[in-house]
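Asker: Curious how this folds, go ahead:
(one chain, ligands or ions: 2)
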Amino acid sequence: MNNLDSYPPILRQQNNQQQNPYEPNDTIEDSDPIPTIDLKCLEHKNLDEACKEWGLFRLINHGVPITLLEQLQDLTKQLFSLSFESKQEACNESPIKYFWGTPALTPSGTAITKGPQNINWVEGFDVPLCQLSNFQHQLPSLESIRLLLMEYATHLLRIATTLFEAMVKNLELNLKTTKPYLSENNGNIRVYRYPPTDVGWGMEVHTDSSVLSILNPDDHVSGLQVLKDDQWLTVKPVSNTLVVTLGDMMQAISSDRYKSVSHRVKVEKDIERISLCYFVFPGEDVVIESNKYKPFTYNEFRAQVQQDIKTLGNKVGLSRFQKKQG
Ligand SMILES: O=C(O)CCC(=O)C(=O)O
Ligand SMILES: [Fe+2]
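Answerer: Ligands and ions are numbered 1, 2, ... in the order given. Down below sits the predicted model:
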(Lines give C-alpha, C1' and ligand atoms only; values in the text may rest on other atoms or scores of the structure.)
(Ligands and ions follow the chains in the order given, each with its own letter.)
Protein backbone atom coordinates (compact mmCIF):
# COMPACT_ATOMS: atom_id res chain seq x y z
CA MET A 1 0.00 0.00 0.00
CA ASN A 2 1.17 3.47 -0.84
CA ASN A 3 1.83 5.42 2.37
CA LEU A 4 -0.38 8.21 1.05
CA ASP A 5 -3.41 5.86 1.28
CA SER A 6 -2.88 5.69 5.00
CA TYR A 7 -3.44 9.44 5.38
CA PRO A 8 -6.94 10.87 5.76
CA PRO A 9 -7.90 12.14 2.24
CA ILE A 10 -7.94 15.76 3.36
CA LEU A 11 -4.29 15.47 4.49
CA ARG A 12 -2.92 13.99 1.27
CA GLN A 13 -1.90 17.30 -0.29
CA GLN A 14 1.79 17.58 0.43
CA ASN A 15 3.02 20.51 -1.60
CA ASN A 16 1.43 23.85 -1.99
CA GLN A 17 1.99 26.15 -4.94
CA GLN A 18 0.63 29.11 -3.08
CA GLN A 19 2.19 30.73 -0.16
CA ASN A 20 1.55 28.89 3.08
CA PRO A 21 -1.07 30.97 4.87
CA TYR A 22 0.24 29.81 8.23
CA GLU A 23 3.94 30.35 7.66
CA PRO A 24 5.09 32.37 10.64
CA ASN A 25 6.78 35.69 10.20
CA ASP A 26 8.25 35.44 13.65
CA THR A 27 11.80 34.31 14.13
CA ILE A 28 12.56 30.90 15.49
CA GLU A 29 15.47 30.61 17.82
CA ASP A 30 17.42 27.46 17.19
CA SER A 31 19.36 27.28 20.43
CA ASP A 32 17.71 25.09 23.02
CA PRO A 33 17.83 26.42 26.59
CA ILE A 34 14.76 24.45 27.72
CA PRO A 35 15.08 23.41 31.40
CA THR A 36 15.58 19.79 32.36
CA ILE A 37 14.13 18.32 35.54
CA ASP A 38 15.43 15.10 37.06
CA LEU A 39 12.54 13.18 38.60
CA LYS A 40 14.77 10.87 40.62
CA CYS A 41 16.64 13.73 42.31
CA LEU A 42 13.90 16.32 42.24
CA GLU A 43 15.27 19.79 42.96
CA HIS A 44 12.26 21.79 44.11
CA LYS A 45 13.87 25.12 43.32
CA ASN A 46 14.65 24.16 39.72
CA LEU A 47 11.15 22.83 39.26
CA ASP A 48 9.66 26.04 40.65
CA GLU A 49 11.77 28.16 38.28
CA ALA A 50 10.86 26.04 35.26
CA CYS A 51 7.14 26.34 36.11
CA LYS A 52 7.33 30.10 36.61
CA GLU A 53 9.61 30.98 33.73
CA TRP A 54 8.69 28.40 31.15
CA GLY A 55 5.59 26.34 31.89
CA LEU A 56 7.42 23.50 30.16
CA PHE A 57 10.44 21.29 30.84
CA ARG A 58 12.17 18.12 29.80
CA LEU A 59 11.94 15.25 32.26
CA ILE A 60 14.75 12.76 32.72
CA ASN A 61 15.06 9.78 35.08
CA HIS A 62 11.28 9.47 34.87
CA GLY A 63 11.25 5.73 35.57
CA VAL A 64 9.39 4.69 32.39
CA PRO A 65 11.43 1.86 30.86
CA ILE A 66 13.01 2.99 27.59
CA THR A 67 11.82 -0.25 25.99
CA LEU A 68 8.22 0.76 26.75
CA LEU A 69 8.70 4.23 25.22
CA GLU A 70 10.28 2.72 22.11
CA GLN A 71 7.66 0.00 21.76
CA LEU A 72 4.94 2.63 22.00
CA GLN A 73 6.58 4.66 19.26
CA ASP A 74 7.03 1.61 17.02
CA LEU A 75 3.48 0.38 17.47
CA THR A 76 2.13 3.87 16.90
CA LYS A 77 3.95 3.98 13.56
CA GLN A 78 2.56 0.57 12.62
CA LEU A 79 -0.97 1.53 13.57
CA PHE A 80 -0.91 4.74 11.55
CA SER A 81 0.54 3.03 8.49
CA LEU A 82 -2.71 1.05 8.08
CA SER A 83 -5.19 2.29 5.50
CA PHE A 84 -7.33 5.27 6.45
CA GLU A 85 -10.47 3.12 6.09
CA SER A 86 -9.25 0.37 8.40
CA LYS A 87 -8.34 2.87 11.11
CA GLN A 88 -11.77 4.42 10.81
CA GLU A 89 -13.50 1.07 10.92
CA ALA A 90 -11.46 -0.19 13.88
CA CYS A 91 -12.80 2.61 16.03
CA ASN A 92 -16.47 2.17 15.20
CA GLU A 93 -18.23 1.49 18.47
CA SER A 94 -15.00 1.78 20.43
CA PRO A 95 -14.22 4.22 23.24
CA ILE A 96 -11.03 4.98 21.28
CA LYS A 97 -11.82 7.69 18.74
CA TYR A 98 -9.96 8.18 15.47
CA PHE A 99 -9.87 11.81 14.32
CA TRP A 100 -8.03 14.04 11.90
CA GLY A 101 -7.74 17.70 11.05
CA THR A 102 -8.56 18.96 14.54
CA PRO A 103 -7.54 18.00 18.05
CA ALA A 104 -10.65 19.55 19.64
CA LEU A 105 -13.17 16.88 20.53
CA THR A 106 -16.47 16.84 22.37
CA PRO A 107 -16.67 14.60 25.48
CA SER A 108 -18.17 11.85 23.31
CA GLY A 109 -15.17 12.07 21.00
CA THR A 110 -16.63 13.82 17.95
CA ALA A 111 -14.33 16.36 16.32
CA ILE A 112 -15.37 19.98 16.65
CA THR A 113 -14.95 21.31 13.12
CA LYS A 114 -13.78 24.82 12.66
CA GLY A 115 -14.11 25.19 8.90
CA PRO A 116 -11.74 23.95 6.20
CA GLN A 117 -9.40 26.95 6.14
CA ASN A 118 -7.62 26.13 9.35
CA ILE A 119 -7.48 22.40 9.74
CA ASN A 120 -4.60 20.99 11.71
CA TRP A 121 -2.31 18.71 9.76
CA VAL A 122 -2.68 15.80 12.14
CA GLU A 123 -4.47 12.49 12.58
CA GLY A 124 -4.85 10.81 15.93
CA PHE A 125 -6.46 8.40 18.31
CA ASP A 126 -8.06 9.73 21.44
CA VAL A 127 -7.87 7.17 24.26
CA PRO A 128 -9.91 7.70 27.44
CA LEU A 129 -7.80 5.96 30.06
CA CYS A 130 -10.62 4.96 32.39
CA GLN A 131 -12.06 2.73 29.66
CA LEU A 132 -8.86 1.05 28.57
CA SER A 133 -9.44 -2.15 30.50
CA ASN A 134 -13.10 -2.52 29.46
CA PHE A 135 -12.78 -3.60 25.87
CA GLN A 136 -10.64 -5.49 23.41
CA HIS A 137 -9.85 -4.71 19.80
CA GLN A 138 -9.97 -6.91 16.71
CA LEU A 139 -7.24 -4.92 14.97
CA PRO A 140 -3.98 -6.45 16.29
CA SER A 141 -1.92 -3.23 16.35
CA LEU A 142 -4.67 -1.33 18.14
CA GLU A 143 -5.02 -4.14 20.66
CA SER A 144 -1.23 -4.21 21.27
CA ILE A 145 -1.21 -0.45 21.78
CA ARG A 146 -4.11 -0.73 24.23
CA LEU A 147 -2.17 -3.21 26.35
CA LEU A 148 0.97 -1.08 26.32
CA LEU A 149 -0.99 2.07 27.14
CA MET A 150 -2.40 0.40 30.26
CA GLU A 151 1.13 -0.08 31.52
CA TYR A 152 2.24 3.38 30.36
CA ALA A 153 -0.75 5.07 32.05
CA THR A 154 0.29 3.88 35.52
CA HIS A 155 3.72 5.46 34.99
CA LEU A 156 2.15 8.69 33.79
CA LEU A 157 -0.11 9.00 36.81
CA ARG A 158 2.86 8.32 39.09
CA ILE A 159 4.90 11.02 37.34
CA ALA A 160 2.04 13.54 37.32
CA THR A 161 1.39 12.92 41.02
CA THR A 162 5.04 13.36 42.01
CA LEU A 163 5.36 16.57 40.01
CA PHE A 164 2.02 18.01 41.11
CA GLU A 165 2.72 17.34 44.78
CA ALA A 166 6.09 19.09 44.47
CA MET A 167 4.43 22.05 42.74
CA VAL A 168 1.74 22.30 45.42
CA LYS A 169 4.46 22.34 48.05
CA ASN A 170 6.45 24.99 46.19
CA LEU A 171 3.33 27.12 45.88
CA GLU A 172 2.47 26.55 49.56
CA LEU A 173 -1.09 25.69 48.61
CA ASN A 174 -3.38 24.45 51.28
CA LEU A 175 -4.98 21.50 49.50
CA LYS A 176 -6.42 18.78 51.73
CA THR A 177 -5.44 16.16 49.20
CA THR A 178 -4.00 16.31 45.70
CA LYS A 179 -5.73 13.22 44.29
CA PRO A 180 -8.93 14.90 42.98
CA TYR A 181 -6.84 17.33 40.91
CA LEU A 182 -5.41 14.45 38.89
CA SER A 183 -8.51 12.45 38.18
CA GLU A 184 -8.00 9.00 36.72
CA ASN A 185 -11.51 9.17 35.32
CA ASN A 186 -10.75 12.17 33.16
CA GLY A 187 -7.22 11.38 31.92
CA ASN A 188 -6.59 10.62 28.30
CA ILE A 189 -3.79 9.89 25.88
CA ARG A 190 -3.72 11.15 22.35
CA VAL A 191 -1.58 9.36 19.84
CA TYR A 192 -0.70 11.58 16.89
CA ARG A 193 0.78 11.39 13.43
CA TYR A 194 1.62 14.52 11.50
CA PRO A 195 1.81 13.71 7.75
CA PRO A 196 4.41 15.73 5.85
CA THR A 197 3.31 18.94 4.14
CA ASP A 198 4.20 22.53 3.54
CA VAL A 199 0.56 23.57 3.66
CA GLY A 200 -0.33 24.11 7.28
CA TRP A 201 0.42 23.68 10.94
CA GLY A 202 0.34 20.33 12.69
CA MET A 203 -1.27 22.14 15.56
CA GLU A 204 -1.92 25.83 15.75
CA VAL A 205 -0.85 27.92 18.73
CA HIS A 206 -2.69 26.81 21.85
CA THR A 207 -2.44 26.17 25.56
CA ASP A 208 -3.50 22.81 26.97
CA SER A 209 -6.61 22.76 29.17
CA SER A 210 -5.10 20.12 31.46
CA VAL A 211 -3.40 20.35 34.85
CA LEU A 212 -0.31 18.74 33.32
CA SER A 213 0.44 17.22 29.93
CA ILE A 214 3.23 14.71 29.44
CA LEU A 215 4.54 14.22 25.92
CA ASN A 216 6.49 11.29 24.50
CA PRO A 217 7.75 12.99 21.33
CA ASP A 218 9.18 11.45 18.18
CA ASP A 219 12.81 10.57 18.87
CA HIS A 220 13.98 11.67 15.44
CA VAL A 221 11.72 14.41 14.09
CA SER A 222 11.25 17.73 15.85
CA GLY A 223 8.11 19.84 15.52
CA LEU A 224 7.06 21.10 18.93
CA GLN A 225 7.69 24.82 19.38
CA VAL A 226 7.22 26.82 22.54
CA LEU A 227 6.72 30.55 23.07
CA LYS A 228 9.19 32.11 25.49
CA ASP A 229 9.57 35.87 25.88
CA ASP A 230 7.83 36.50 22.54
CA GLN A 231 10.14 34.17 20.70
CA TRP A 232 9.39 30.71 19.32
CA LEU A 233 11.84 27.98 20.29
CA THR A 234 12.02 24.48 18.87
CA VAL A 235 11.98 21.73 21.50
CA LYS A 236 14.52 19.33 20.06
CA PRO A 237 13.89 15.64 20.66
CA VAL A 238 16.17 13.96 23.19
CA SER A 239 15.99 10.19 23.47
CA ASN A 240 14.46 8.68 26.63
CA THR A 241 13.21 12.12 27.69
CA LEU A 242 9.62 13.22 28.22
CA VAL A 243 8.36 16.79 27.84
CA VAL A 244 6.04 18.16 30.52
CA THR A 245 3.71 21.07 29.78
CA LEU A 246 1.71 22.98 32.38
CA GLY A 247 -1.91 23.48 31.36
CA ASP A 248 -4.63 26.03 32.06
CA MET A 249 -5.85 24.22 35.19
CA MET A 250 -2.37 24.43 36.71
CA GLN A 251 -2.15 28.12 35.92
CA ALA A 252 -5.52 28.70 37.62
CA ILE A 253 -4.67 26.54 40.66
CA SER A 254 -1.45 28.53 41.07
CA SER A 255 -3.28 31.89 40.73
CA ASP A 256 -1.13 32.66 37.66
CA ARG A 257 2.20 32.12 39.40
CA TYR A 258 2.81 29.21 37.04
CA LYS A 259 2.02 29.46 33.36
CA SER A 260 0.12 27.48 30.89
CA VAL A 261 2.56 27.73 28.04
CA SER A 262 1.65 28.59 24.45
CA HIS A 263 2.95 26.02 22.01
CA ARG A 264 2.35 24.75 18.48
CA VAL A 265 3.50 21.98 16.17
CA LYS A 266 5.32 22.59 12.91
CA VAL A 267 5.10 19.90 10.24
CA GLU A 268 8.10 18.84 8.17
CA LYS A 269 7.92 19.01 4.37
CA ASP A 270 9.15 15.53 3.70
CA ILE A 271 8.94 13.43 6.83
CA GLU A 272 6.09 12.48 9.11
CA ARG A 273 6.24 12.83 12.87
CA ILE A 274 4.53 10.90 15.63
CA SER A 275 3.97 11.72 19.30
CA LEU A 276 1.95 10.53 22.28
CA CYS A 277 0.51 13.03 24.71
CA TYR A 278 -1.07 12.37 28.11
CA PHE A 279 -3.45 14.92 29.65
CA VAL A 280 -4.59 14.86 33.24
CA PHE A 281 -7.53 16.92 34.51
CA PRO A 282 -9.27 17.64 37.82
CA GLY A 283 -12.26 15.47 38.75
CA GLU A 284 -15.74 16.52 37.66
CA ASP A 285 -16.80 18.15 40.90
CA VAL A 286 -13.51 19.73 41.98
CA VAL A 287 -13.97 23.47 42.30
CA ILE A 288 -10.84 25.44 41.43
CA GLU A 289 -10.49 28.32 43.84
CA SER A 290 -7.86 30.98 43.24
CA ASN A 291 -7.16 34.66 43.72
CA LYS A 292 -7.38 35.39 40.02
CA TYR A 293 -10.41 33.42 38.86
CA LYS A 294 -14.02 32.94 39.85
CA PRO A 295 -14.51 29.46 41.30
CA PHE A 296 -15.10 26.98 38.47
CA THR A 297 -14.96 23.28 37.70
CA TYR A 298 -13.06 21.70 34.84
CA ASN A 299 -16.40 20.64 33.33
CA GLU A 300 -17.51 24.26 33.17
CA PHE A 301 -14.19 25.23 31.62
CA ARG A 302 -14.39 22.48 29.00
CA ALA A 303 -17.98 23.38 28.08
CA GLN A 304 -16.94 27.02 27.61
CA VAL A 305 -13.98 26.04 25.42
CA GLN A 306 -16.22 23.90 23.22
CA GLN A 307 -18.77 26.66 22.94
CA ASP A 308 -16.09 29.19 21.94
CA ILE A 309 -14.57 26.86 19.36
CA LYS A 310 -17.99 26.33 17.82
CA THR A 311 -19.07 29.95 17.77
CA LEU A 312 -15.79 31.91 17.46
CA GLY A 313 -13.55 29.28 15.87
CA ASN A 314 -11.01 29.39 18.68
CA LYS A 315 -10.51 28.77 22.37
CA VAL A 316 -10.65 31.84 24.60
CA GLY A 317 -9.53 29.97 27.70
CA LEU A 318 -8.87 31.21 31.20
CA SER A 319 -9.68 34.87 30.59
CA ARG A 320 -13.37 33.82 30.47
CA PHE A 321 -13.14 33.04 34.19
CA GLN A 322 -11.03 35.97 35.38
CA LYS A 323 -12.20 37.88 38.44
CA LYS A 324 -13.06 41.50 37.77
CA GLN A 325 -10.29 43.87 38.86
CA GLY A 326 -10.82 46.48 41.54
O1 LIG B 1 2.65 16.52 19.30
C2 LIG B 1 3.16 17.37 20.01
O3 LIG B 1 4.37 17.54 20.06
C4 LIG B 1 2.33 18.29 20.88
C5 LIG B 1 0.88 17.96 20.95
C6 LIG B 1 0.10 19.01 21.70
O7 LIG B 1 0.53 20.10 21.92
C8 LIG B 1 -1.24 18.67 22.21
O9 LIG B 1 -1.73 17.57 21.96
O10 LIG B 1 -1.85 19.51 22.89
FE1 LIG C 1 -0.68 21.00 23.43
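
Asker: what residues are up against the spatially closest residue to Leu59 that is not a sequence neighbour?
Answerer: Spatially, and ignoring its direct neighbours in sequence, Leu59 is nearest to Leu242 (4.4 Å; C-beta to C-beta, 6 or more residues apart in numbering). Bear in mind the C-beta positions are built from the backbone N, C-alpha and C, glycine included. By C-beta atoms under 8 Å, 6 or more residues apart in numbering, the residues touching Leu242 are Arg58, Leu59, His62, Val64, Ile159, Ile214, Leu215, Asn216.

Asker: pLDDT score for Glu49?
Answerer: Glu49 is assigned a pLDDT of 98 by the prediction.

Asker: tally of neighbours for it?
Answerer: 15 (other C-beta atoms under 10 Å).

Asker: Using neighbour counts, pick out the buried residues of the helix or strand it falls within.
Answerer: Element membership of Glu49, judged by DSSP states H and E, is helix 44-53. Neighbour-count burial for helix 44-53, counted by 16 or more other C-beta atoms under 10 Å, picks out Leu47, Asp48, Ala50, Cys51.

Asker: Looking at the residues you listed, which two lie furthest apart in space?
Answerer: With C-beta to C-beta as the measure, no two of the buried residues of helix 44-53 lie farther apart than Asp48 and Ala50, at 7.4 Å.

Asker: excluding its backbone neighbours, what's nearest the residue in the stretch 101-250 of the chain that ligand 1 sits nearest to?
Answerer: Closest approach of the stretch 101-250 of the chain to ligand 1 (C-beta to the nearest ligand atom) occurs at Leu224, with a separation of 3.8 Å. Closest residue in space to Leu224, ignoring its immediate chain neighbours: Val235 at 4.4 Å, by C-beta to C-beta, 6+ apart.

Asker: In contact with that neighbour, which residues are there?
Answerer: Counted by C-beta under 8 Å, 6+ apart, Val235 has contacts Asp32, Ile34, Leu56, Arg58, Pro217, Ser222, Leu224, Gln225, Val226, Val243.
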